[in-house]
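> Give the three-dimensional model of this entry:
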Amino acid sequence: MFFTSNIAVFLIYLCVAGAVVALANQAAKYVDLLDSKTGLSGAFLGGVLLSAVTSLPELFTSLSATILLREPGLCMGNILGSNLFNLLILACCVLLFRGTFQSEARIARSHCKVGIFTLLIFAVLLLNCFGIFHVTLGSIDLCTPLILVLYVLGVRAMGGDSESEAPTTECSDLSLRQIIVRFLCVALCLIGLSVFLTYLTDDIAEILDLSSSLAGAIFLGVATSLPELASTFALFRLRNYNVAIGNIIGSNLFNFIILALADVAYLGGGVYLFSDRKTVLLLVLGTVATVLSLLLLRWKNKVTALLTPLGVILCYWIFLIL
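Now for the predicted structure:
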């Protein structure tokens, strides 16, 4: 009976993950339609709008893990694991579409700026991790307001970027209002499934006797990054590279806002916990992978389009091995 119950948990996990992928794929199509029907920049659509929707699973699973399950370690593992997995997605897509990416991709300058803001947040967390920058105001860590400031600067950079790729989507019979309504319906469905994923991951952690941070990084971090995986692959296939890159870079920045919100909402202590060595490893590898991704965005050529993605893949492989 116990074994059957365990199998059921894993089967449900796979079904929910599959549903998340399907919904995220639809979200990418609707954003691509918005890119062709509106004058909004690809940087803003990918970095703010799509990244916010594809990061909804991280938002609700992290808050659920922190507030409902009182597992802040699960939250930290989820965010850091998702960020590293997001960069893995970008690396694999660049390698898979390397020929057209090199010749056709026009990357908005704001993506590099957002990447730098994300790297600064990693630097703040590293200083916190090693006890150099660990200041609390009541129950709130000083990292939280700094993350909020850096996120606002990142959004301003994306919103003010007028560079955009030419629309590649074929004409659609859907009106702008219909596209927006359907996009919102997809977002609501993602919210419901993401909360459910939190409880499934907690059960899996108990079944496999894993620490909360490791379960968060592997099962929750990967599952909640499935929207980024499906939407980024769909946008690369549509050759809308600007929105696709904005989705990954913007999602990673948005994920840190989730960490800040969890720190404010969790009254039982802080969420910036680095007692687990796996969390520290995730933090270091995430920093290295972010630097490699910045090199790719800043200097897009044959060498960086090959070596930097391989470097990011190596970072994720090291995490899985160690």
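> pLDDT weak spots in the chain?
Along the chain, segments meeting pLDDT under 70 span 1-5, 39-44, 134, 138, 159-172, 198, 210-218, 220-224, 268.
> what about the strands in it?
136-137, 140-141 (DSSP state E).
> Pull up the pairing partners for the last one, direction included.
Spelled out, it's strand 140-141. Applying DSSP bridges to the sheet, strand 140-141 is found paired with strand 136-137 (antiparallel).
> can you list the residues that contact the partner strand?
Contacts to strand 136-137, defined as C-beta atoms under 8 Å, 6 or more residues apart in numbering, come from residues 142, 270. C-betas here are computed from N, CA, C, even on glycine.
> I'd like to know how many residues surround the closest residue to Val31 other than its chain neighbours.
In space, and not counting its chain neighbours, Val31 is closest to Leu50: 4.6 Å by C-beta to C-beta, 6 or more residues apart in numbering. Here the count is done by other C-beta atoms under 10 Å, and Leu50 has 33 residues near it.
> Next up, the contacts around Leu50.
Going by C-beta under 8 Å, 6+ apart, the list of residues near Leu50 reads 27-28, 31, 231, 243, 246-247, 250.
> can we see that at 7 Å?
Taking C-beta atoms under 7 Å, 6 or more residues apart in numbering as the contact definition, Leu50 lies against 27-28, 31, 231, 243, 247.
> Determine which two of these are furthest apart.
Farthest-apart pair in those is Ala27 and Val243; separation 11.4 Å (C-beta to C-beta).
> So for the two, which residue has more residues nearby?
Val243 (32 against 26).
> ok, the more buried one touching Gly47?
No. Judged on C-beta atoms under 7 Å, Val243 makes no contact with Gly47 at a distance of 8.5 Å.
> quick one, helices of the stretch 201-322 of the chain?
Along the stretch 201-322 of the chain, counting by DSSP state H, counting those that start in this stretch, helices occupy 212-215, 221-224, 226-237, 241-265, 277-298, 304-321.
> closest one to Val135 among the ones you listed?
The minimum distance between Val135 and these falls on helix 241-265, with 12.8 Å, by C-beta to C-beta.
> orientation of the closest one relative to helix 277-298 in degrees?
Helix 241-265 runs at 150 degrees relative to helix 277-298, counting by axes from the mean of the first three to the mean of the last three C-alpha atoms, to 10 degrees.
> Run the chain-centre distance for helix 241-265.
Relative to the chain's own centre, helix 241-265 is displaced by 6 Å; criterion: C-alpha atoms, centre = their mean, to the nearest Å.
> Ok, stretch 315-322 next?
Distance of stretch 315-322 from its chain centroid, counting by C-alpha atoms, centre = their mean, is 18 Å.
> Tell me the buried residues in that stretch?
For stretch 315-322, a neighbour-count test (16 or more other C-beta atoms under 10 Å) marks 315-316, 319 as buried.
> residues contacting Phe183?
For Phe183, the contact set (C-beta under 7 Å, 6+ apart) comprises 27, 30.
> Ala27 versus that one, what's the distance?
Phe183 sits 6 Å away from Ala27, going by C-beta to C-beta, to the nearest Å.
> quick one: contacts for Lys37?
Applying C-beta under 7 Å, 6+ apart to Lys37 gives the contacts Leu176.
> Look up how far Val186 lies from it.
Distance, Lys37 to Val186, using C-beta to C-beta: 17 Å.
> So what does Leu69 look like in phi/psi?
Main-chain torsions, Leu69, degrees, to the nearest 10: phi -90, psi -10.
> Go ahead and confirm it touches Asp202.
Yes. Contact criterion C-beta under 7 Å: Leu69 and Asp202 qualify, at 5.7 Å.
> Which of these two has more residues huddled nearby?
Per other C-beta under 10 Å, whichever of Leu69 and Asp202 has more neighbours is Asp202, with 21 against 16.
> what's the burial count for Ala8?
The criterion is other C-beta under 10 Å. On that basis, Ala8 has 11 neighbouring residues.
> tell me the contacts of it?
Contacts for Ala8 (C-beta under 7 Å, 6+ apart) come out as none.
> give me the number of residues near the closest residue in space to Val9 that isn't next to it in sequence?
Using C-beta to C-beta, 6+ apart and skipping the chain neighbours, the partner closest in space to Val9 is Asp203 (5.0 Å). A count of nearby residues for Asp203, using other C-beta under 10 Å, gives 19.
> now Asp203: how far from Ile12?
9 Å.
> now Val20
13 Å.
> now do Phe274
Relative to Ile12, and taking C-beta to C-beta, Phe274 is found at 32 Å.
> Report the buried residues of the longest helix anywhere in the chain.
If you go by DSSP state H, the chain has its longest helix at helix 2-37. Across helix 2-37, burial judged by 16+ other C-beta under 10 Å covers 9, 13, 16-17, 19-21, 23-35, 37.
> Report the angle between that helix and helix 241-265.
130 degrees.
> Going forward, count from 10.
I'll keep to 10 as the first residue from here, and by that count the last item is helix 11-46.
> angle of helix 11-46 against helix 235-246?
40 degrees.
> pretty sure Ala26 is in contact with Leu235, am I right?
Yes. Look at Ala26 against Leu235 with C-beta under 7 Å: they come within range, at 5.7 Å.
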